[in-house]
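*Asks:* build me a model:
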Amino acid sequence: MNWNAPNLLTIGRLGLSVVFFVMLANCAIVPEADSALLIACAVIYIIAGLTDILDGYLARKLNASSVFGRIADPFVDKVMVCGAFALLAGSNFVFGSPADMSGLEARMPQWLHGGMASAVQAWMVVVLIAREFVISGIRGFSESQGITFAATWAGKVKMLVQSVAICTVLFQLAIAPHAAWAVILKISLIWLTVIVTLASGLIYVRRARALLSRDRNE
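*Replies:* Got it, this is the predicted structure:
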C-alpha cells in the first residue's frame, strides 16, 4: 500500500464510517427523536462523502492512483451506503404505534413506509446489497478475462441518489418529523433510491453482456 494522500483519505473515510454506524445504531426516534445525534450522523456522512470526492480528485491531480485505492475506495463506498441503509431498517427506527407517526404517515398505505420512521424496509436493503454483489461479481469476472469494466455514469447517479436519500432521512427525522412535505420527500427519495439502484444494475448487466459477447466474437 502507498501511504499517499488519496489512500489516507480512503482509510479516514472507513474510520468515519465506523463512527457513523455506532452513532446511527444508537439513534432513537421513539418516544422522541434524538435530533442532535441524527444531525451529527448526517454531518459525518456528508464529511465522508466530501473525502470521497477529494481523494478521487487528488488521485487524478497527483497521478497517485494505486491498486489499494482502486480496491479500497469502492469497497468503502459500498460499506457506507449499505451499512447506512441496513441500520436505517433497524429496530430503533420502527414506529412503536400509529401514535408515533406523523398524521400523513398514519393515513398512508403501510407498504409505502413499512412502519419505519426512516421509510427504509428490510427488502429494500436486500435489493441494494444484492445489486452490489451482482455488479462486483460481473466486474471481477470481466477483469479476469482481461476486459476493463470501469464505473459508469449510472453508478455515479446511483451513489448520489443513495447519499442524498440517507441525509434527507436523517435531517427529516431530526428537524421536521411531522411536516407533510418532509415526509413526502423522504419516502419519495427512498423509493427513488430503490428504482435507481435496480436500473443502474440492469445497465451494468447489459453492458457486461455486450462486452463479453464482443470479446468472444473477436
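*Asks:* now the most centrally placed residue in the chain: closest residue in space that isn't a chain neighbour?
*Replies:* Note on the chain: the residue nearest the mean C-alpha position is Val81, at 2.6 Å, using C-alpha atoms, centre = their mean. In space, and not counting its chain neighbours, Val81 is closest to Gln162: 5.0 Å by C-beta to C-beta, 6 or more residues apart in numbering. Every C-beta, even on glycine, is put in place using the N, C-alpha and C of the backbone.
*Asks:* state the pLDDT value of that neighbour.
*Replies:* Looking at Gln162, its pLDDT reads 96.
*Asks:* cool, and Leu202?
*Replies:* Model confidence at Leu202, expressed as pLDDT, equals 90.
*Asks:* how many other residues sit next to it?
*Replies:* Leu202: 13 surrounding residues under other C-beta atoms under 10 Å.
*Asks:* so who does it touch?
*Replies:* Contacts for Leu202 (C-beta atoms under 8 Å, 6 or more residues apart in numbering) come out as none.
*Asks:* about what we covered before: and the residue nearest to Val81, what is it in contact with?
*Replies:* The neighbourhood of Gln162, defined by C-beta under 8 Å, 6+ apart, consists of 81, 85, 128, 193, 196-197.
*Asks:* who wins on neighbours among the residues you listed?
*Replies:* Comparing those by number of neighbours (other C-beta under 10 Å), Phe85 comes first, having 27 neighbours.
*Asks:* for the closest residue to Ile187 other than its chain neighbours, helix, strand, or coil?
*Replies:* Counting by C-beta to C-beta, 6+ apart, the nearest residue to Ile187 once its immediate chain neighbours are dropped is Ala119, at 4.7 Å. Of the three states, Ala119 takes coil under DSSP: H, G, I helix; E, B strand; the rest coil.
*Asks:* packing partners of the helix or strand harbouring Ile135?
*Replies:* Here Ile135 is covered by helix 122-144, with elements defined by DSSP states H and E. Judged by 3 or more C-beta pairs under 8 Å, 6 or more residues apart in numbering; DSSP states H and E, the packing partners of helix 122-144 are helix 67-88, helix 180-217.
*Asks:* thanks a lot, catch you later.
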